[in-house]
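[1] Pasted the sequence and its predicted model underneath.
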Amino acid sequence: MANLKWDINNVRNIGISAHIDSGKTTLSERILFYGGRIHAIHEVKGKDGVGATMDSMDLEREKGITIQSAATQVQWDNNIVNLIDTPGHVDFTIEVERSLRVLDGAILVLCGVAGVQSQSITVDRQMKRYSVPRLAFINKLDRQGANPFRVKDALIDKLKLNAVMAQIPIGLEDTHKGCVDLITMKAYYFDGESGENIREEEIPAELLEQAKEYRGYLIEKCADVDEVVGEKFLMDEMPTNEEIHAAIRKGVLSLKLCPVFCGSAFKNKGVQLLLNAVIRYLPTPAEKHETALDLDKNEERIELLPEDNKPLVALAFKLQETPFGQLTYMRIYQGKMSKGDFITNTTNHKSVKVPRLVRMHSDKMEDIDTSYAGDIVAVFGIDCASGDTFTMNDYNVAMQSMHVPDAVISLAVSPKDKGSANNFSKALQKFRKEDPTFRVHRDEESAETIISGMGELHLEVYIERMKREFNCEVIAGAPQVAYRETIGQEAVYDYTHKKQTGGSGQFAKVIGKIEPLPSDATSTFAFENRVVGGRIPREFIPAVEEGFKEQCVKGPLIGFPIVGIQVYLDDGSYHDVDSSYMAFKICAMAAMRQAYERAKPSVLEPLMKLETSVPEEYQGPATGQINQRRGIILGTDSNEGYSIITAEVPLSEMFGYSTDLRSATKGKGEFSMEFSRYAVAPRNVQEELAKKYQEKRAKENA
């Protein structure tokens, strides 16, 4: 592969995102092949036992799913494409977040049969959060029941995207041969063993009318986003192909248009035309406006310019442990970075030398000397956390870090034998640094190590990795759901803390009320000081807030955090000698306990959005299973002989669901779920949890 001279206008940083099993990794494999990166195509669950290039972990190859986002670079038509293949499983959602945070554009891959699925909705939401322009690629058109036009309609209905066909397929299912480009109005076929020879022909006569109709729709959509095409459309004139290309690009960059491409990655159809579209329509790093926060000027926003002569700004967005030490993936937003440079981490202000700079190709790498603004590279030997910003020459700015969702499930874990305790803690440290959604803490009461994450599969994968990578067998306890406690009504408190010991005593008095926060509040705790006339000195107010906050960490009902609380401090009194910061903090904690009991406390449980897909003949048993698990059915949809049931189910009822679903549907049922919201648990569930918690407390105190 010849090395191209670096030109930021010829660079694209793109990601491939989709629902699990839509064919992202298969598509990446084809892109690598056509870009000359690999010389043979391997399948995700290939018979050759090699596995897809981008699934470099053994676990990924065994399960046939992508767990970590993998990065690589290919060259296409004198352009450089940095490509990140991201996982589709909701448990690894942080991998998608961190990839989209640093990418300039994305390909949203959809299955031609299933269309827009639950995880496609999540991925779309993440793309919108980071304003990532995207193209849609409808894959698997060779499969029974494929219908790209229905999928395009679902993009409009379910994702509210302004989707429009840029191509239509030539044949579907087993007659899928290629596609018609609606701009050039030519038919394209993909010949050769791996579809590497593209043949351009006239449009088959039977498709000509349909192609003209869909080209009309495309021009109409372009007219809405571009004045040149708009004027011609009004005058009934035909815009040129170049004008249509320019209009689509403008629509994509402004997030007002989502062109839809068709094909089958597995059957090697349509991938090269998709690559042409990536180069033509997705932004270069120079066109994506990025800002940083100036830490010397009260976090004032400053625009970053992707120019090599400006001070360096790079974001570490992913860490990976390798046999050679920690590998840190970085996106360079401004300036350039060379081997041997000294760079500063603006989080802890430590300066480090760049010992080795590499370009990644999944799990293989090549050494480079310098990387420029707009590039994605990896650095060895730099100790940092995911989301840290690096700069040079005292340039004190920080990039905003990415959104990290809360964990919904926990497990108590311990090493099987005492000898591997060292490896056990090493593994936990490494995973925690690598993945912000993987949390570790020690439960002081039970002296257990608790790991928390995004779902059963998420934690399962880490336990398996401990065994393989650190030779450490793990014993895992029963999964623990992340419940919360809250209050249902207003309650007042009036508490005096008095303690007389030898010498000075302790005195503090607080009066006020607690009440539930409104349901749309962004925070889980709010404190408002309404004390006037110096009844409590100002230096003690933070102590009162701290006391209330600390008491919310563990509720008295079931020992879980208390959320959704507004505290008002209205009055109180103090003593010149005996009042102290500590006295007010202890007083506030006791006042919180006093008011909490009167405020109608209740337990909140996490509800999951569940999407179950089963053959139609199993719809009854599948619905019955969801009802048994306290699920509320939100809707059912049928699609090519399959029923898709959408429901909201408490997470506590979902353990073992995959086994039950498989046995009820003879292995044909599939499901995906993600966290939806917290809701008050039924009275009997609350009582059961409270009883268990009291028994546990009694045991510990005995």
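    Happy to help now that I have it. Numbers count the residues shown, from 1 in each chain.

[2] Which parts of the stretch 1-150 of the chain are helices?
    24-34, 58-63, 93-102, 118-129, 148-157 (DSSP state H, counting those that start in this stretch).

[3] Kindly report which one of the ones you listed carries the lowest mean pLDDT.
    Here those differ in mean pLDDT, and the lowest is helix 58-63 at a mean of 47.

[4] how about the top helix by length along the chain: buried residues?
    Ranked by number of residues, the top helix in the chain under DSSP state H is helix 205-225. For helix 205-225, a neighbour-count test (16 or more other C-beta atoms under 10 Å) marks L207, A211, Y214, R215, L218, I219, K221, C222, A223, V225 as buried. All C-beta atoms are positioned from the backbone trio N, CA, C, and that covers glycine.

[5] quick one: stretch 246-260 to chain centroid distance?
    Counting by C-alpha atoms, centre = their mean, to the nearest Å, stretch 246-260 is centred 24 Å from the centre of its parent chain.

[6] so how far is the first residue of it from its last?
    In stretch 246-260, first residue to last residue: 16 Å (C-alpha to C-alpha, to the nearest Å).

[7] State the mean pLDDT of that stretch.
    Stretch 246-260 shows a mean pLDDT of 94.

[8] Would you mind listing the outside residues contacting it?
    Identification of contacts with stretch 246-260 by C-beta atoms under 8 Å, 6 or more residues apart in numbering yields 105, 108, 128, 131, 133-138, 148, 151-152, 155, 161-167, 221-226, 228-229, 239, 277, 280-283, 287.

[9] Can you say which of the residues you listed are buried?
    Buried members of the contacts of stretch 246-260, scored by 16+ other C-beta under 10 Å, are 105, 108, 133-138, 148, 151-152, 155, 161, 163-167, 221-223, 225-226, 228-229, 239, 277, 280-283.

[10] remind me, longest strand of this protein?
    Ranked by number of residues, the top strand in the chain under DSSP state E is strand 601-615.

[11] list the buried ones in that strand?
    Applying 16+ other C-beta under 10 Å to strand 601-615 flags 601, 603-614 as buried.

[12] Could you list every helix and strand in contact with the following helix or strand past that strand?
    The helix or strand immediately downstream of strand 601-615 is helix 619-628, counting by DSSP states H and E. Packed against helix 619-628 by the contact rule (3 or more C-beta pairs under 8 Å, 6 or more residues apart in numbering; DSSP states H and E) you find strand 601-615, strand 632-639, strand 642-650, helix 657-664.

[13] Give me the buried positions along helix 619-628.
    By 16+ other C-beta under 10 Å, the buried positions in helix 619-628 come out as Q619, A622, T623, Q625, I626.

[14] Would you reformat the residues you listed as TSV and include pLDDT and distance to T665?
    Shown next, in TSV, are the buried residues of helix 619-628 (pLDDT from 0 to 100; distance: C-beta to C-beta, whole Å):
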residue	pLDDT	distance to T665
Q619	91	10
A622	92	7
T623	93	12
Q625	93	10
I626	93	13
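
[15] one step back: tell me the mean pLDDT for the longest strand of the chain?
    89.

[16] What of stretch 354-369?
    What stretch 354-369 shows for mean pLDDT is 78.

[17] For it, what is the spacing between the initial and final residues?
    End-to-end span of stretch 354-369 (C-alpha to C-alpha): 10 Å.

[18] Let the chain start at 8 from now.
    Noted, 8 is the first residue going forward, which turns the last one into stretch 361-376.

[19] Who does A483 form a beta bridge with?
    V420 (DSSP bridges).

[20] likewise V171?
    Beta-bridge pairing of V171 under DSSP bridges involves P266.

[21] List the contacts of it.
    Per C-beta under 8 Å, 6+ apart, neighbours of V171: K159, Y224, L225, K228, L264, C265, P266, V267.

[22] how much space between the fifth one and G112?
    Spelled out, that is L264. From L264 across to G112, the span is 13 Å (C-beta to C-beta, to the nearest Å).

[23] cool, the second one as well?
    From Y224 over to G112 the distance is 23 Å, taken as C-beta to C-beta.

[24] and if you look at the first one?
    Counting by C-beta to C-beta, the gap from K159 to G112 is 20 Å.

[25] these two touch, right, V139 and L115?
    No. Applying C-beta atoms under 8 Å, one finds V139 not in contact with L115, separated by 9.5 Å.

[26] Please, where are all the strands along the stretch 58-207 of the chain?
    77-83, 86-92, 112-118, 141-146, 170-172, 174-177, 185-188, 193-198, 204-208 (DSSP state E, counting those that start in this stretch).

[27] So for G663, what pLDDT did the model give?
    G663 carries a pLDDT score of 78 in this model.

[28] same question but for E647, I mixed them up
    With respect to pLDDT, E647 scores 68.

[29] And V123, by the same measure?
    83.

[30] Can you get me a residue count around it?
    For V123, the neighbour count with other C-beta atoms under 10 Å is 24.

[31] ok, now how distant is the closest residue in space to it that isn't next to it in sequence from L364?
    With C-beta to C-beta, 6 or more residues apart in numbering as the criterion, V123 has its nearest non-adjacent residue at 4.1 Å, and that residue is A161. To L364, A161 is 43 Å away according to C-beta to C-beta.

[32] now the strands for the stretch 258-407 of the chain?
    Going by DSSP E, counting those that start in this stretch, the stretch 258-407 of the chain shows strands at 265-269, 297-301, 307-311, 320-329, 332-341, 343-345, 349-352, 357-360, 363-368, 371-374, 377-379, 383-387, 396-398, 404-405.

[33] partner strands of the fourth one, parallel or antiparallel?
    Strand 320-329 pairs in its sheet with strand 332-341 (antiparallel), strand 396-398 (antiparallel), by DSSP bridges.

[34] show me where pLDDT drops low in the stretch 208-357 of the chain?
    For the stretch 208-357 of the chain, residues meeting the criterion pLDDT under 70 lie at 328-330.

[35] quick one: the closest residue in space to L280 that isn't next to it in sequence from S24, how far?
    Nearest non-adjacent residue to L280, counting by C-beta to C-beta, 6+ apart: Y195, 6.2 Å away. Computed with C-beta to C-beta, the distance linking Y195 and S24 is 25 Å.

[36] and those two? which has more neighbours close in?
    S24 (31 against 21).

[37] thinking that one is in contact with L117, fair?
    No. Judged on C-beta under 8 Å, S24 makes no contact with L117 at a distance of 10.5 Å.

[38] what residues are shared contacts of the two?
    Joint contacts of S24 and L117 (C-beta under 8 Å, 6+ apart) do not exist.
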